[in-house]
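Novice: Take a look and give me a structure for this.
(one chain, ligands or ions: 2)
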Amino acid sequence: MAEPLFDKITLIGIGLIGSSIARDVKALGLARDVTISTRSADTLKRARELDLGTGYTLAAEEAVTDADLVIVSVPVGASEAVAKQIAPHLKAGAIVTDVGSTKASVIAQMAPHMPSNVHFIPGHPLAGTEKSGPDAGFRGLFKGRWCIFTPLADTDPDALGRLRSFWEALGSKIDEMDPEHHDKVLAIVSHLPHIIAYNIVGTADDLETVTESEVIKYSASGFRDFTRLAASDPTMWRDVCLHNKDALLEMLARFSEDLAYLQRAIRWGEGDKLFELFSRTRSIRRSIVEAGQDVDTPDFGRHVLDTPES
Ligand SMILES: NC(=O)C1=CN([C@@H]2O[C@H](COP(=O)(O)OP(=O)(O)OC[C@H]3O[C@@H](n4cnc5c(N)ncnc54)[C@H](O)[C@@H]3O)[C@@H](O)[C@H]2O)C=CC1
Ligand SMILES: O=C(O)C(=O)Cc1ccc(O)cc1
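Specialist: Ligands and ions are numbered 1, 2, ... in the order given. Here you go, the predicted model:
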């Protein structure tokens, strides 16, 4: 068991991400006190049944009292409400971080409410699944995965170092970026793929000439991969779309142009153009595999941490 990095950690939101953090924190002994707060009584009750923390309350302002580290793991659209609620009750010197999939909007929502004696360090673990809620979390989700920090200009290096040590204890690799760049990168590698998945599954569902039972019966593995992404939480992804609007619209515009190019090549029988693109994209997949980043298999992220569960 590791020496606790923090006396008290408070988790606001205890879904897939919050509960995965809680499981690792508890198993690794990273805090003496793990207080959990979430919006609904049913979810809080489930967190208690799963024994995810040491204290439970529906009142976020009560939960953050005396906390050394506060991790906000709620849909990005709820960030401002949470920040307003907790801000007056934060301990001087506390670190407040989040895990939201978009960063510029979360900073705009939270930073103005943070007291000057608190260290607010936005973060985003690039790890997850299509599932949600406290039962969906699991130990080791963050192992070997990137966690991106988008620190504000005046961030205290000591606080940054302590947050880095925390994520490293969960097995993550850390990178830093400015929030706008983060939002562009994530728009192409994560947000656009989810939108494409929602769209293709919606298109299949709307077809008049192919029945739903045929789609289910004959779904090839490529289509099944899309259905996994398209099963992701609607609240979370509505919020991602609304809160990374500019970057997403830019990537969608680029995507539509490139799709039109493909459409023309198919219409006019330009096989050389199709072959050239398909060869280029194949090499990207090879680079991902060579870089050891091809962990997105059906059981991806399910590797447990080396430290045995206590
Ligand atoms: N699901 C994924 O694969 C990943 C999600 N994220 C980000 O992590 C955050 C949480 O996502 P998940 O854990 O997947 O969602 P989830 O739906 O599993 O859990 C969300 C939690 O937030 C709580 N909540 C919602 N509104 C709240 C409010 N106003 N006050 C307090 N609690 C509130 C819910 O009760 C629930 O406990 C999101 O911002 C998402 O963008 C980041 C990386 C991966
Ligand atoms: O389930 C998947 O394939 C994901 O891509 C999970 C995911 C969703 C949102 C994020 O911000 C990061 C990771």
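
Novice: In contact with the residue nearest to Ala104 when sequence neighbours are not counted, which residues are there?
Specialist: Counting by C-beta to C-beta, 6 or more residues apart in numbering, Ala104 lies nearest to Pro179, which is 4.3 Å off, once chain neighbours are set aside. To be clear about C-beta, it is placed using only N, CA and C from the backbone, and glycine gets the same treatment. Residues near Pro179 by C-beta atoms under 8 Å, 6 or more residues apart in numbering: 103-104, 107, 122, 150.

Novice: can you rerun that using 10 Å?
Specialist: By C-beta atoms under 10 Å, 6 or more residues apart in numbering, the contact list for Pro179 reads 102-108, 122, 124, 148, 150-152.

Novice: Count the neighbours of Asp51 for me.
Specialist: For Asp51, the neighbour count with other C-beta atoms under 10 Å is 10.

Novice: Could you do Trp146 as well?
Specialist: 15.

Novice: go on, the one 10 residues further on?
Specialist: The tally of other residues near Asp156 (other C-beta under 10 Å) stands at 13.

Novice: for the stretch 151-300 of the chain, which spans come out with low pLDDT?
Specialist: The model of the stretch 151-300 of the chain has pLDDT under 70 over residues 295-300.

Novice: just the helices in it please.
Specialist: Secondary structure of the stretch 151-300 of the chain by DSSP state H, counting those that start in this stretch: the helices cover 157-169, 179-186, 192-206, 212-218, 221-230, 234-243, 245-267, 271-290.

Novice: How about residues contacting the fourth one?
Specialist: Just to be clear, that refers to helix 212-218. With contact meaning C-beta under 10 Å, 6+ apart, helix 212-218 is reached by 201, 204-205, 207, 210-211, 223-224, 227.

Novice: Return the residues of the stretch 1-150 of the chain in contact with ligand 1.
Specialist: 12-18, 38-40, 43, 73-76, 78, 81-82, 99-101, 125, 128-129, 132-133 (C-beta under 6 Å from any ligand atom).

Novice: Let me know the distance separating the residue nearest to Ala104 from His243.
Specialist: Per C-beta to C-beta, to the nearest Å, Pro179 is found 12 Å from His243.

Novice: Find the residues that touch each one of those two.
Specialist: 102-106, 108.

Novice: Give me the buried subset of these.
Specialist: By neighbour count, with 16 or more other C-beta atoms under 10 Å, the shared contacts of Pro179 and His243 hold 102-106 as buried.

Novice: Mind giving me the ChimeraX select for the contacts of helix 212-218, buried ones only?
Specialist: This is how ChimeraX selects the buried members of the contacts of helix 212-218, with burial counted by 16+ other C-beta under 10 Å:
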select :201,204,227
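
Novice: would you turn the contacts of helix 212-218 into CSV with distance to Glu250?
Specialist: CSV is the format used below for those (distance: C-beta to C-beta, whole Å):
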residue, distance to Glu250
Val201, 24
Ala204, 27
Asp205, 28
Leu207, 30
Val210, 33
Thr211, 37
Phe223, 27
Arg224, 29
Thr227, 27
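
Novice: which one among the contacts of helix 212-218 gets closest to ligand 2?
Specialist: Of all the contacts of helix 212-218, ligand 2 sits closest to Thr227, with 12.1 Å by C-beta to the nearest ligand atom.

Novice: Wait, the closest one touches Gly202, no?
Specialist: No: between Thr227 and Gly202 there is no contact under C-beta atoms under 10 Å: 11.0 Å.

Novice: check contacts around Ile14.
Specialist: By C-beta under 10 Å, 6+ apart, the residues touching Ile14 are 20-22, 36-40, 43-44, 46-48, 50, 52-53, 56, 73-74, 133-134, 137.

Novice: Please repeat the previous calculation with a cut-off of 8 Å.
Specialist: Taking C-beta under 8 Å, 6+ apart, we find Ile14 in contact with 22, 36-38, 43-44, 47, 52, 73, 134.
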